[in-house]
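*Asks:* Sequence plus the predicted model coming up.
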Amino acid sequence: MEKNKVKIGLVIAKPVKDSDAPLSELRRYTKNEKAEVILFPEDHIYSDKQADLQAIAKESGKWIVCGMDDRNTGGKHYKHALVVDPQGDVAGHHRKTSLTYDDLSQGVSPGEAIEVVETPFGRLGVVICYEMHFPEVARAYALQGAQIIFNPVGAGMWHETQYQAWTSVGRTRASENGIFAVGCSHHNDAIPFAYAYAPDGTCLVEARHTNRMVTVTLDLSLCIGMFLEHRQPHLYQKLVDPK
């Protein structure tokens, strides 16, 4: 990796976890030489394929951030994401904390932690799908020094209004925290998409209606931690009031 720079691959992947070849998209896109870190969407594999995911990362020498449908954790069901390093080891993980009504109807349990993942190229946070709409999640990562927020999305956007709202939220999370925000969804009958926004809100990538990997180089020296020093935490008690 070039100093302060990292090449990200955002995979608008076919939803294959229930197919005869549930690892096919992982194997296909990790062969790409352009990307050093590759993001796959929410729920891209089932948790029983974790060992295979780790083996693919090791074989390819890539960092992989991958959404995982996890039903094997003490009887609980989580929307999970793993960060796997090029040696095939799990460098960190995140369980979705804010759940949709659909998640709740499926018996999904919320995650209970928002912790950055330390990597040689910088600190990163994972914001799974719907969590992107909660500014507290991205801000919690920014306060821990995150430079990139990865947003694995599930099904894509169901209509143009949702698409415009989501990309606006991605841009806002980047600019309000002075960090990069990148995301991608599955390729299906909704509006499949990938995006990347710079710390000043500049659009680096916006792709849609395609099954491919979009690559983008992030210059982490541009992360500025915007506005964080001017926060007034003593005034924010209502933000943590469950009512």
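*Replies:* Here it is on my side, so go on.
*Asks:* hang on, isn't residue 118 packed against residue 85?
*Replies:* No - using Cβ atoms under 8 Å, residue 118 is not in contact with residue 85; the gap is 10.6 Å. Bear in mind the C-beta positions are built from the backbone N, C-alpha and C, glycine included.
*Asks:* Please pull out the lowest mean pLDDT helix or strand from the chain.
*Replies:* None of the helices or strands of the chain scores lower by mean pLDDT, DSSP states H and E than strand 63-73, at a mean of 91.
*Asks:* pull the CA atoms of the longest helix belonging to the chain into CSV?
*Replies:* The residue-count maximum for a helix in the chain (DSSP state H) belongs to helix 160-177. Output of helix 160-177 as CSV, limited to C-alpha atoms (Å, rounded to 0.1, in the frame of the first residue of the first chain):
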residue,chain,number,x,y,z
GLU,A,160,-35.5,6.6,-6.5
THR,A,161,-36.5,8.6,-3.4
GLN,A,162,-34.8,6.0,-1.1
TYR,A,163,-31.8,6.0,-3.4
GLN,A,164,-31.4,9.7,-3.2
ALA,A,165,-31.9,9.7,0.6
TRP,A,166,-29.3,7.0,1.1
THR,A,167,-26.6,8.6,-0.9
SER,A,168,-27.3,11.9,0.8
VAL,A,169,-26.9,10.2,4.2
GLY,A,170,-23.6,8.7,3.0
ARG,A,171,-22.3,12.1,1.9
THR,A,172,-23.4,13.6,5.2
ARG,A,173,-21.8,11.0,7.4
ALA,A,174,-18.5,11.6,5.6
SER,A,175,-18.6,15.4,5.7
GLU,A,176,-20.0,15.8,9.2
ASN,A,177,-17.1,13.6,10.6
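*Asks:* That one: which residues count as buried?
*Replies:* By neighbour count on 16 or more other Cβ atoms under 10 Å, the buried set for helix 160-177 is 163, 166-167, 169-177.
*Asks:* Show me which positions of stretch 59-72 end up buried.
*Replies:* Neighbour-count burial for stretch 59-72 [16+ other Cβ under 10 Å]: 60, 62-71.
*Asks:* ok, of those, which one's closest to residue 186?
*Replies:* Of all the buried residues of stretch 59-72, residue 186 sits closest to residue 67, with 9.2 Å by Cβ to Cβ.
*Asks:* Tell me, what's the model's pLDDT at residue 45?
*Replies:* We note a pLDDT of 97 for residue 45 in this prediction.
*Asks:* returning to that earlier point: which of the buried residues of helix 160-177 lies closest to residue 230?
*Replies:* Distance to residue 230 across the buried residues of helix 160-177 (Cβ to Cβ) is lowest for residue 176, with 12.0 Å.
*Asks:* before we move on, back to that, any chance of the buried residues of stretch 59-72 in JSON lines, with distance to residue 200 too?
*Replies:* Converted to JSON lines, the buried residues of stretch 59-72 look like this (distance: Cβ to Cβ, whole Å):
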{"residue": "60", "distance to residue 200": "32"}
{"residue": "62", "distance to residue 200": "28"}
{"residue": "63", "distance to residue 200": "25"}
{"residue": "64", "distance to residue 200": "28"}
{"residue": "65", "distance to residue 200": "23"}
{"residue": "66", "distance to residue 200": "29"}
{"residue": "67", "distance to residue 200": "28"}
{"residue": "68", "distance to residue 200": "32"}
{"residue": "69", "distance to residue 200": "35"}
{"residue": "70", "distance to residue 200": "35"}
{"residue": "71", "distance to residue 200": "40"}
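*Asks:* Quick check: of those residues, which lies closest to residue 192?
*Replies:* Among the buried residues of stretch 59-72, and counting by Cβ to Cβ, the member closest to residue 192 is residue 67, at 14.4 Å.
*Asks:* No further questions, thank you.
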